[in-house]
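K.L.:
using only what follows, build the 3D model:
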Amino acid sequence: IVKFRVKENLQRQKQKADDNFLPLLAAPAKRALENAGINTLQKLSGYSEAEILKLHGIGYSSIPKLRAALEKERLSFKNKFYL
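P.N.:
As a prediction, the model looks like this:
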């Protein structure tokens with residue numbers, strides 16, 4: 001059982017490291033994205049910047065961080081919304 005749990009935890013850590021952009025954000029922004037079910041960059045790329053800004057807890061300072069995380073994976077917001 002212990003070996004199984006260790007293997008399971010390692011897989012979770014690897015998965016989190018592969019697509020972990022949430023630590024870049026402040027706690028309210030993290031919660032806003034998690035509550036909206038946006039926990040991967042692929043899901044985030046399905047939204048426009050304007051839609052993300054409408055989420056309670058997301059501020060203008062979060063958008064550049066999210067944009068950089070998306071660009072790192074060669075993704076972008078659905079429709080650009082320039083600040």
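
K.L.:
next SSE downstream of the biggest helix by length in the chain?
P.N.:
Secondary structure assigned by DSSP state H gives helix 2-18 as the longest helix of the chain. Using DSSP states H and E, the helix or strand that follows helix 2-18 in sequence is helix 27-35.

K.L.:
pLDDT-wise, which helix or strand of this protein ranks last?
P.N.:
helix 2-18 (a mean of 76; mean pLDDT, DSSP states H and E).

K.L.:
run through who's touching that helix.
P.N.:
Contact with helix 2-18 is made by no outside residue, as judged by CB atoms under 8 Å, 6 or more residues apart in numbering. Yep, even glycine has a C-beta here, placed from its N, CA and C like the rest.

K.L.:
dump that helix to CSV, restricted to CA.
P.N.:
C-alpha atoms of helix 2-18 as CSV (Å, rounded to 0.1, in the frame of the first residue of the first chain):
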residue,chain,number,x,y,z
VAL,A,2,2.8,2.4,0.8
LYS,A,3,4.6,1.8,-2.5
PHE,A,4,1.3,2.4,-4.3
ARG,A,5,0.7,5.7,-2.4
VAL,A,6,4.3,6.9,-3.1
LYS,A,7,3.9,6.2,-6.8
GLU,A,8,0.5,8.0,-6.8
ASN,A,9,2.0,11.0,-5.1
LEU,A,10,4.9,11.2,-7.5
GLN,A,11,2.5,11.1,-10.5
ARG,A,12,0.4,14.0,-8.9
GLN,A,13,3.6,16.1,-8.4
LYS,A,14,4.7,15.5,-11.9
GLN,A,15,1.2,16.5,-13.2
LYS,A,16,1.2,19.6,-11.1
ALA,A,17,4.7,20.6,-12.2
ASP,A,18,3.8,20.2,-15.9
